[in-house]
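J.: I would like the atomic coordinates for the input below:
(one chain, ligands or ions: 1)
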Amino acid sequence: MATPAELLDIARTIATEAGELIARRRREGVVVADTKSSSIDVVTFADRECEEFVKNRLAELRPDDGFYGEEGNEFPGTSGLTWVVDPIDGTVNYLYGIPQFAVSIAVVQGEANPATWTQLAGVVFNPLVDELYFASQGDGAWLLHAGKLTELAVNKESVIELSLFATGFGYSSQVRAEQAHLLTNVLPVVRDIRRAGAASLDLCAVAAGRLDGYFERGTKPWDHAAGSLVAREAGALVGGLDGQAEGEAMIIATNPHLYPQIEKLLTVSGVITSS
Ligand code: IPD
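T.: Purely as a prediction, here's the structure:
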């Protein structure tokens, strides 16, 4: 059985190669291939090509593992491990040339279900700014940038009114209406809100202390499988509401002082009672 550190090495290698691929495709020009859940939920040819690339590299290096990717590749393995992959997190930023997108690759023990999985290793790589975030179980969270390695730690801020949070928005109008409702409770209280457009990078920004916290309703496992491990290993509490695991109903990542405060603001809206 491979150790989390060995799995991390594989994830780092593939994420770096995949990041170079999407950066190259970005320079050549981005082409929308199709739409998914709604007309604004686009998939580019690069999303598909990158997911195929990651899947094929894993087939070479980890042929017995399962796979769960955003662009539709999904199969169980025989090893008990599953790779959870977002080939381009921040696709809309990618489309517009905003340098806030990443390849996100995680490997978990179990299925791609945050309520039951054990996160072993995760990598989030933003190729345009050359930031590679990574973590493996019990080994801290790290950022590699321009050859320099930095250990990450979440901020210690404990006052919600002085806290900078990020959030994100999904692609369905119903989820967006719920997200807007949540914001009406949070925005008047906190220092400010950011919406940068890539959940994996938002989670890494919490780990790096560039944000005090992040919350979002409506994310999928591939959006947060890697980033939430990076945040956890940097000292964040990551979960949902009322003691639940993070998931589509809600993900919150922040330090243990701020967690109950943001949780209260989000609960008060009454939007979230179930998934
Ligand atoms: C999206 C981004 C966005 C978040 C959405 C995700 P995609 O992922 O992470 O920030 O708010 O919930 O769906 O579609 O760019 O891979």
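
J.: Three-state assignment for the spatially most central residue of the chain, please.
T.: With distances taken as Cα atoms, centre = their mean, the chain has residue 200 as the residue nearest its mean C-alpha position (2.5 Å). Three-state call for residue 200 (DSSP: H, G, I helix; E, B strand; the rest coil): helix.

J.: Does it touch residue 226 like I think?
T.: Yes: counting by Cβ atoms under 8 Å, residue 200 touches residue 226, with 5.9 Å between them. Any C-beta I mention is one placed from the backbone N, CA and C, and that applies to glycine too.

J.: can you pull the contacts of the residue nearest to the centre of the chain?
T.: Going by Cβ atoms under 8 Å, 6 or more residues apart in numbering, residue 200 touches 86, 89-90, 102, 104, 124, 223-224, 226-227.

J.: out of the residues you listed, which are inside helices?
T.: Applying DSSP state H to these, the entries found in helices are 223-224, 226-227.

J.: so how many other residues sit close to residue 155?
T.: Residues lying near residue 155 (other Cβ atoms under 10 Å) number 21.

J.: How about it: what's its closest non-neighbour residue?
T.: residue 209 (4.6 Å; Cβ to Cβ, 6 or more residues apart in numbering).

J.: residues in contact with the one you found?
T.: For residue 209, the contacting residues are 152-155, by Cβ under 8 Å, 6+ apart.

J.: Contact partners for residue 112?
T.: Applying Cβ under 8 Å, 6+ apart to residue 112 gives the contacts 66, 68, 82, 84, 221-222, 225.

J.: if we go to 7 Å?
T.: By Cβ atoms under 7 Å, 6 or more residues apart in numbering, the contact set of residue 112 is 68, 82, 84, 221.

J.: And the strands in the stretch 51-200 of the chain?
T.: Along the stretch 51-200 of the chain, counting by DSSP state E, counting those that start in this stretch, strands occupy 66-69, 74-75, 81-89, 102-109, 118-126, 131-136, 141-145, 148-151, 164-166, 192-194.
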